[in-house]
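[1] What follows is a predicted structure for the sequence shown.
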Amino acid sequence: MIKVTNISKTYKNKPVLRNISFHIDEAGVYGFKGRNGSGKTLLFKALLGLITVNEGEIEVNGENIGYDVSFPRETGFLIEYPSFLPNHTGFKNLEILASIKNTCTNEDISCILKEVGLDASNKDKVKKYSLGMKQRLGLAQSLLENPSILIWDEPTNALDEAGVEFLQRKIIDLKNKGKTILISSHDSDFLRAVCQKVFVLDNGQVVDNFIVEDRL
């Protein structure tokens, strides 16, 4: 499913990812924990083909990223704070994105917005959205086209307590539907609540990994 083999990345002569390897062979929820600057976001960008690595290989569903395909197929993502067209509604933003591949109907978009707690009929422009609403819209964007793999970088950013509880329920629901979800966070309690396995990053390296049940 996802196979990362000895990847390294240098930026401005400084190593930012160091010989990272891991395999994810079955559907489920996998956490990537580390402080700011530990390499979580860069690793996720590499998995998505948004940056190239200097060494190593990344395979997603049997395809080598950067060689067989530029970007992984059937993968939705949320990286850092999402950005949208500020003078359009949330629905219109998703409608524009969906039109690129023309695989989602307006009804699909309405359902996805409802799934993340947003109202498809809301006529407010995105520039009036709170940070939490923008984060939910970013989650909705990642769910367009019903991807089999989701890669979410700090998905709890800007969410209040109710939003985090909603997100936990949503992740469990997606897991039960057979999705593979990779989540980065510095919040250990959140990762323990939703993940079956956690990888720990520090200074651009995977320094530990553990099955969550073994650490409870």
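    That came through fine. Numbers count the residues shown, from 1 in each chain.

[2] Domain map for the protein?
    The record's domain parsing of the chain by automatic domain parsing lists 1-74+148-216, 81-147.

[3] Let's have these in TSV, adding mean neighbour count.
    Every residue, glycine included, has its C-beta placed from N, CA and C. Listed next are the domains of the chain as TSV, based on neighbours: other CB atoms under 10 Å:
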stretch	mean neighbour count
domain 1-74+148-216	17
domain 81-147	16
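
[4] Format the ones you listed as a markdown table; extra columns: mean pLDDT.
    Listed next are the domains of the chain as a markdown table, based on pLDDT from 0 to 100:
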| stretch | mean pLDDT |
| --- | --- |
| domain 1-74+148-216 | 95 |
| domain 81-147 | 95 |
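
[5] spatially speaking, which residue is in the middle of the chain?
    Centrality entry for the chain: nearest residue to the mean C-alpha point is residue 152, 1.8 Å, by CA atoms, centre = their mean.

[6] Secondary structure class of it, three-state.
    Assigned with DSSP: H, G, I helix; E, B strand; the rest coil, residue 152 falls in the strand class.

[7] Next, work out how far apart it and residue 143 are.
    Residue 152 sits 11 Å away from residue 143 when distances are taken as CB to CB, to the nearest Å.

[8] which other residues reach the lengthiest helix in the chain?
    For the chain, the longest helix by residue count, based on DSSP state H, is helix 161-176. The contact list for helix 161-176 (CB atoms under 8 Å, 6 or more residues apart in numbering) reads 27-29, 115-117, 132, 135-136, 139, 150, 155-156, 159, 181, 183, 190, 193-194.

[9] partner residues bridging residue 3?
    Residue 3 has the following beta-bridge partners by DSSP bridges: residue 23, residue 59.
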